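**Student:** Kindly return the folded structure for what I paste below:
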Amino acid sequence: MSFLARVSYTSNGSTPTFSFSFPYIALSHIKAFVDGNEDTNITFPTPSQVTLSSTPTSGAVVTIQRITPTDLRLTDFQDGSVLTSSDLDQSADQNFYIAQETKDEVASNLSVNASNVYDAGNRRIINVANPVNAQDAVTKHYLENTWLSTSDKANINTLAPYSSQIGLLGVASVINDMDILGTSTNVANIATVASNITDVNSFANRYRITATNPTTSLDAGDLAFVTGDSVLKYYDGSSWKTLNTTEADITSIVAGTGLSGGGTSGDITISVDSSTHLASNTTSDLAEGTNLYYTDARFDTRLGTKSTSDLTEGSNLYYTDARADARVNAQTGSNLSLSNKTTSDLAEGTNLYYTDARVDTYVSGGSLSAIDVAGNAQIDGNLVVDGDLTISGTQTIVNTETINLADNQIVLNSNFTGSSPTENGGIEVERGTQTNKTLIWDESNDKWTVGSETFVAGTFEGNLTGNVTGTVSSISNHDTDSLSEGSSNLYYTSARANSDFDTRLGTKSTSDLSEGSNLYYTDARFDTRLATKSTSNLSEGSNLYYTNARADARVNLQTGSNLDLSNKSTSDLSEGTNLYYTDARFDTRLGTKDTDNLAEGSSNLYYTDARFDTRLGTKDTDNLSEGSSNLYFTDARADARINLQTGSNLSLSNKSTSDLSEGSNLYYTDERVDDRVNGLLTAGSNITLTYNDAGNSLTIAATDNSIPFAIALG
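**Tutor:** Residues are numbered from 1 along each chain as shown. Alright, predicted model coming up:
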């Protein structure tokens, strides 16, 4: 920002002399300030230079400023004295310089800029009180020493070295991941992990996967899967030991429920109690495993993926053309039905069909072939012409009040045989002394015209060029291809629907979808359905049903190496190359996988565009509730909208602000500008502001009578 009576420098720490270019009345009016403190011992090596009493430090702000006295007049005119140009100039210069210095003072203060916000001009604001209300300004001291606690500042300092990592959290993919983590289910799961973090960390420290034996943070009982050896080891407190996965001794066999026998040595026999075989049980006694039981819902889901191509033809035969032809050929006698037939479907027999040619042939064989009249002919009675009537001449006058023509199309200008017609054709209505009216085909424009007359129609069909006056009752013959897409109510596209559906679906579960005719699964419904079934209703597949013969054969195998382990668990069997499941192993393995590695099941299907399109094809707008912004079309809404778009309201091209009533966004007026300027100006010391609203003037004047200074704006 430039000033009229001051100049500022940033000290380089080596020079005490600074220049200025503004004029002054006396050197005593030139002042110097270092970082806001006046240096009262300055000297003037030249009329336009100031030397400070000492060299300011590097970076200090040095200001050279003219301060013309405002408390006394430098020139006092007396009655009868001689007026000189120097006296007049000095008096005028004093007022002029004070005005410049006042302008500089106003410009250097905190003021409202053209954007209607306060602008400090890139300067510090000092001596600011602590905030009280919500919108008060906050100082650096208040923020660092009052609002931020000691722990807050410590936390900020802790995070400072990780600012680049924190910045990565702002990228779209991370924000999307955090949105997923932010769902109530994931938050609850994370909270559960957090509440057990000690146990999680303890497990992570106790079990490791490394290429070689770990050498640090060793405790007795630690486990490590050493990938270099492909073995699981444990630490016994002094060294790593390999778990023996190839040898195990069974010291006794105990018969479990439904079995008898057992022993501790030699050959051991286990027998199945005859009272406990599966013949007395049903599938109600067998928990569902990977081979799922039948349910109506599962059947419906599976059936939805099939067609008649997947079902072998039984006694109910499929349709074929050959079968249809054979069936049609059987439609004779009482089976014959012509209710859906016409003469086009029935070949002509001895009873001939009507044709024009046959009628012409029949008529031409009659006795009356021509009437030859040399002069005028008058027929007082009715004339019936059974054949064609040809009239040769230049004019035909029909003096009848009513004409009934069976012909559905009248040909005008029928004697034209060329390729470039020039004669207009149409109908003219005789209106006596009034101007006749016409409906004419205009050959020059290739259009029908009624001249300048109004054409009234109950319904108009076809393309329309020009303005529409009145109400359009229906746009049923149009579609969205006829209407350009706007900026807010967008048309449906697959991409938009897929995006909106994916976004919306990501926030939903079956809890958000009301149950319809396709019922949700419940244990009660399953139990009710299952109670009506037995194994007799389910064909035997690869999972075989129980029979005594199968049970006996299986029991006979349960000796020696095949000995039953039904009363054993993995606790009795040392881990070998086939590793046991652990959460850590699962998490590690899962971290390398995605949905491409998991085969799709029969019920929880993966999303595909094809499935979405198929599902969407069964829906219409009746299945989607209307939102608050993109409203559905209704005749009432269309009529209301169309009613606005008529007459002078149709286009704003011939409008201006004169046609638009003023709302909350006010129009410009000189009066409003005057009031705004008056509200922004504040009178300073020995200055008064007088605003004459009616006279459209603002007067700025000095209150000290010794200063003949006044500025009138208006």
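**Student:** Could I get the pLDDT score of the residue nearest in space to the middle of the chain?
**Tutor:** Central residue of the chain (C-alpha atoms, centre = their mean): Asp500, 6.2 Å from the mean position. Turning to Asp500, the model gives it a pLDDT of 82.
**Student:** measure it to Met178 for me?
**Tutor:** 21 Å (C-beta to C-beta, to the nearest Å). (C-beta placed from N, C-alpha, C; glycine too.)
**Student:** for Gly663, same thing?
**Tutor:** Taking C-beta to C-beta, one finds Gly663 at 42 Å from Met178.
**Student:** Pick out whichever of the two has more residues nearby.
**Tutor:** Met178 (10 against 7; other C-beta atoms under 10 Å).
**Student:** Kindly export the strand or helix carrying that one (C-alpha atoms) in PDB.
**Tutor:** Assigning secondary structure by DSSP states H and E places Met178 in helix 172-181. Only the C-alpha atoms of helix 172-181 are listed here, as PDB (Å, rounded to 0.1, in the frame of the first residue of the first chain):
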ATOM      1  CA  ALA A 172     -10.200 -40.100  -1.500                       C
ATOM      2  CA  SER A 173      -9.400 -43.800  -1.100                       C
ATOM      3  CA  VAL A 174      -8.500 -43.500   2.500                       C
ATOM      4  CA  ILE A 175     -11.600 -41.400   3.200                       C
ATOM      5  CA  ASN A 176     -13.700 -44.100   1.600                       C
ATOM      6  CA  ASP A 177     -12.000 -46.700   3.700                       C
ATOM      7  CA  MET A 178     -12.600 -44.700   6.900                       C
ATOM      8  CA  ASP A 179     -16.300 -44.300   5.800                       C
ATOM      9  CA  ILE A 180     -16.500 -48.100   5.700                       C
ATOM     10  CA  LEU A 181     -14.800 -48.400   9.100                       C
END
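**Student:** hmm, who's touching it?
**Tutor:** Residues outside helix 172-181 that contact it (C-beta atoms under 8 Å, 6 or more residues apart in numbering): 168-169, 186-187, 190, 506.
**Student:** Secondary structure class of the residue nearest to the centre of the chain, three-state.
**Tutor:** Three-state assignment for Asp500 (DSSP: H, G, I helix; E, B strand; the rest coil): helix.
**Student:** residues in contact with it?
**Tutor:** Taking C-beta under 8 Å, 6+ apart as the test, Asp500 contacts no residue whatsoever.
**Student:** what's the spacing between it and Leu616?
**Tutor:** For Asp500, the distance to Leu616 - C-beta to C-beta - is 12 Å.
**Student:** same deal with Leu579?
**Tutor:** Distance from Leu579 to Leu616, by C-beta to C-beta: 45 Å.
**Student:** Also Val174?
**Tutor:** The gap separating Val174 from Leu616 is 31 Å, by C-beta to C-beta.
**Student:** do the same with Gly381
**Tutor:** Gly381 is 75 Å from Leu616, by C-beta to C-beta.
**Student:** Who has more neighbours out of the two?
**Tutor:** Taking neighbours as other C-beta under 10 Å, Gly381 and Leu616 compare with Leu616 leading, 15 against 5.
**Student:** Chain neighbours aside, what residue packs nearest to the more buried one?
**Tutor:** Leaving aside its chain neighbours, Leu616 sits nearest to Ala497 (7.1 Å; criterion: C-beta to C-beta, 6 or more residues apart in numbering).
**Student:** Please identify the helix or strand for that neighbour.
**Tutor:** helix 494-505.
**Student:** list the buried ones in that helix?
**Tutor:** Buried positions in helix 494-505, judged by neighbour count with 16 or more other C-beta atoms under 10 Å: none.
**Student:** how about that helix as PDB, C-alpha atoms only?
**Tutor:** Output in PDB follows, covering the C-alpha atoms of helix 494-505 (Å, rounded to 0.1, in the frame of the first residue of the first chain):
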ATOM      1  CA  SER A 494     -27.200 -47.000 -16.000                       C
ATOM      2  CA  ALA A 495     -23.900 -45.400 -14.800                       C
ATOM      3  CA  ARG A 496     -25.800 -43.000 -12.500                       C
ATOM      4  CA  ALA A 497     -28.100 -45.700 -11.200                       C
ATOM      5  CA  ASN A 498     -25.200 -48.100 -10.600                       C
ATOM      6  CA  SER A 499     -23.300 -45.400  -8.700                       C
ATOM      7  CA  ASP A 500     -26.300 -44.300  -6.600                       C
ATOM      8  CA  PHE A 501     -27.400 -47.900  -6.000                       C
ATOM      9  CA  ASP A 502     -23.800 -49.000  -4.900                       C
ATOM     10  CA  THR A 503     -23.500 -45.900  -2.700                       C
ATOM     11  CA  ARG A 504     -26.900 -46.300  -1.100                       C
ATOM     12  CA  LEU A 505     -26.700 -50.100  -0.900                       C
END
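**Student:** tally of neighbours for Ala204?
**Tutor:** Quick note: Ala204 (other C-beta under 10 Å) scores 10 neighbours.
**Student:** Relative to Ser111, how far out is Pro131?
**Tutor:** For Pro131 relative to Ser111 (C-beta to C-beta), the value is 22 Å.
**Student:** Could you check which of the two is surrounded by more residues?
**Tutor:** Pro131 (15 against 12).
**Student:** And the pLDDT for the more buried one?
**Tutor:** We note a pLDDT of 90 for Pro131 in this prediction.
**Student:** got the contact list for it?
**Tutor:** By C-beta under 8 Å, 6+ apart, the neighbours of Pro131 are 137-138, 142.
**Student:** Can you show me the strands along the stretch 601-714 of the chain?
**Tutor:** In the stretch 601-714 of the chain, the segments counted as strands under DSSP state E, counting those that start in this stretch are 687-692, 697-702, 710-713.
**Student:** from memory Ala60 sits against Gly36, does it?
**Tutor:** No: judged on C-beta atoms under 8 Å, Ala60 makes no contact with Gly36 at a distance of 10.0 Å.
**Student:** how far does stretch 184-204 sit from the chain's center?
**Tutor:** Its chain's average C-alpha position is 34 Å from that of stretch 184-204, according to C-alpha atoms, centre = their mean, to the nearest Å.
**Student:** ok, now stretch 441-453?
**Tutor:** Using C-alpha atoms, centre = their mean, the offset of stretch 441-453 from its chain centre is 51 Å.
**Student:** That one spans what distance, first to last residue?
**Tutor:** 15 Å (C-alpha to C-alpha, to the nearest Å).
**Student:** element containing Thr40?
**Tutor:** Applying DSSP H and E, one finds Thr40 in no helix or strand.
**Student:** Also Ser238?
**Tutor:** Applying DSSP H and E, one finds Ser238 in no helix or strand.
**Student:** What is the burial count for it?
**Tutor:** 8.
**Student:** what about it, distance to Ser217?
**Tutor:** 15 Å.
**Student:** mind giving me the domain split of this structure?
**Tutor:** 6-119, 670-713 (automatic domain parsing).
**Student:** which stretch in those has the least confidence?
**Tutor:** domain 670-713 (a mean of 68).
**Student:** count of residues packed around Tyr97?
**Tutor:** 22.
**Student:** my guess is it is in a helix, correct?
**Tutor:** Yes: counting by three-state DSSP, Tyr97 is located in a helix.
**Student:** And the helices in the stretch 1-150 of the chain, which stretches?
**Tutor:** 85-108, 140-142, 150-159 (DSSP state H, counting those that start in this stretch).
**Student:** And the stretch 401-550 of the chain, by the same measure?
**Tutor:** Ranges of helices in the stretch 401-550 of the chain, per DSSP H, counting those that start in this stretch, are 494-505, 523-530, 548-557.
**Student:** Turn those helices into JSON lines, including distance to Ala636.
**Tutor:** Formatted as JSON lines, the helices of the stretch 401-550 of the chain follow (distance: least, C-beta to C-beta, whole Å):
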{"stretch": "helix 494-505", "distance to Ala636": "26"}
{"stretch": "helix 523-530", "distance to Ala636": "43"}
{"stretch": "helix 548-557", "distance to Ala636": "73"}
